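In: Need coordinates for the below:
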Amino acid sequence: MAPRVFIIQDNSRQSFTPAMTFGAVQKPLFPERTQVYFDSSEAIKRVHDRLTADNFTEDDFIILNGDPVLIAFVTAIAADYTDGRLKVLKFDRRENTYVPIEINDIFQREGGEDEGDE
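Out: Numbering: from 1, shown residues only. The predicted structure is shown next:
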């Protein structure tokens with residue numbers, strides 16, 4: 001399957017067109033003005049509904065944009081699905097493009113043990 005680009009939160013002031021070079025851009029997971037305050041359960045359920053172990057792979061990208069809490073939820077859930085391997089896109093304002101960042105073994109501890117190996 002060809003890589004896809006998942007947008008965390010819609011933003012009418014930001015162009016996602018440059019991200020198309022990394023894969024097929026998907027519909028944003030959250031509307032533009034979504035923010036998480038006291039109860040996170042609805043947002044977490046939405047991430048699990050839209051981003052599943054069956055439709056997200058370590059070849060896909062996540063654009064890191066929007067509410068920082070939403071960014072945390074999406075990346076944590078995606079990392080769980082891919083055993084700690086993620087590809088994210090960070091926007092470079094000077095170059096007006098996205099920069100890919102590969103995250104490997106996010107659950108790996110410094111001593112070489114996974115958190116479940118204690």
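In: List of residues touching the helix or strand of the chain with the lowest mean pLDDT?
Out: When the helices and strands of the chain are scored by mean pLDDT, DSSP states H and E, helix 41-50 comes last with a mean of 90. For helix 41-50, contacts defined as CB atoms under 8 Å, 6 or more residues apart in numbering pick out 29-30, 34, 36, 69-70, 73-74, 77. To be clear about C-beta, it is placed using only N, CA and C from the backbone, and glycine gets the same treatment.
In: Now do the longest helix anywhere in the chain: which elements does it pack against?
Out: For the chain, the helix with the greatest residue count under DSSP state H is helix 68-81. The elements that helix 68-81 packs onto, with contact taken as 3 or more CB pairs under 8 Å, 6 or more residues apart in numbering; DSSP states H and E, are helix 41-50, strand 61-63, strand 86-92.
In: most tightly surrounded among these?
Out: Between the helices and strands packed on helix 68-81, strand 61-63 has the highest mean count of neighbours, a mean of 24, where neighbours are mean count of other CB atoms under 10 Å.
In: quick one: contacts for Ile62?
Out: 5-6, 8, 74-75, 78, 86-89.
In: Show the model's pLDDT score for it.
Out: Looking at Ile62, its pLDDT reads 97.
In: swap in Arg33?
Out: At Arg33 the predicted local distance difference test score is 82.
In: Number of residues surrounding it?
Out: Applying the criterion other CB atoms under 10 Å, we find 10 residues in the vicinity of Arg33.
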